[in-house]
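# Predicted model follows, preceded by the sequence.
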Amino acid sequence: MLILLALIAGAVAGMAIHFAMPHRSDRGVVLAPAIGAATAGVLYTSLQWAGFAEDNPWLWAVSIVVPVAVAYLATLLLTRARGKRDAAERTRLGIA
């Protein structure tokens with residue numbers, strides 16, 4: 001049940017990242033929160049399987065800090081890739 005806390009923390013961090021980063025219109029509003037929540041869920045589950053108990057601070061530190069970094073980097077890279085692809089497509093179509 002405590003995995004929900006990690007999932008919510010990842011989604012909230014992703015939402016904050018979405019609104020803090022520029023070019024919001026170039027990506028969906030769910031992209032960063034989904035990446036944060038998925039990363040938090042995978043990490044929490046993996047650490048639980050590795051033997052970390054729910055009262056272990058490393059489980060919570062990793063489940064909260066790493067999804068923030070992953071969501072930020074993934075959102076940054078995906079936004080840049082989208083911008084480049086859109087610019088190439090506009091050039092190909094002769095729009096800009």
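Now that the structure is in, tell me what you want to look at.
# Can you show me the helices along the protein?
3-20, 31-49, 57-93 (DSSP state H).
# got the angle between the last one and helix 31-49?
If I follow you right, that is helix 57-93. Orientation check (axes from the mean of the first three to the mean of the last three C-alpha atoms, to 10 degrees): helix 57-93 against helix 31-49 gives 150 degrees.
# picking up where we left off before, got a markdown table for the helices of the chain, with mean neighbour count and mean pLDDT too?
Glycine gets a C-beta too; all of them are placed from N, C-alpha and C. A markdown table is the format used below for the helices of the chain (neighbours: other C-beta atoms under 10 Å; pLDDT from 0 to 100):
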| stretch | mean neighbour count | mean pLDDT |
| --- | --- | --- |
| helix 3-20 | 19 | 97 |
| helix 31-49 | 20 | 97 |
| helix 57-93 | 15 | 96 |
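# Now find how far off-centre stretch 34-48 is within its chain.
10 Å (C-alpha atoms, centre = their mean, to the nearest Å).
# Now do that stretch: everything it contacts.
With C-beta atoms under 8 Å, 6 or more residues apart in numbering as the test, stretch 34-48 has contacts from 3, 6-15, 17, 54, 58-59, 62-64, 66-68, 70-71, 74-75.
# How about the contacts made by the residue nearest the centre of the chain?
With distances taken as C-alpha atoms, centre = their mean, the chain has residue 71 as the residue nearest its mean C-alpha position (2.5 Å). The neighbourhood of residue 71, defined by C-beta under 8 Å, 6+ apart, consists of 10, 13, 14, 17, 32, 33, 35, 36, 39.
# As CSV, these with distance to residue 46 would be great.
Below are the contacts of residue 71 laid out as CSV (distance: C-beta to C-beta, whole Å):
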residue, distance to residue 46
10, 14
13, 18
14, 19
17, 22
32, 21
33, 20
35, 16
36, 16
39, 11
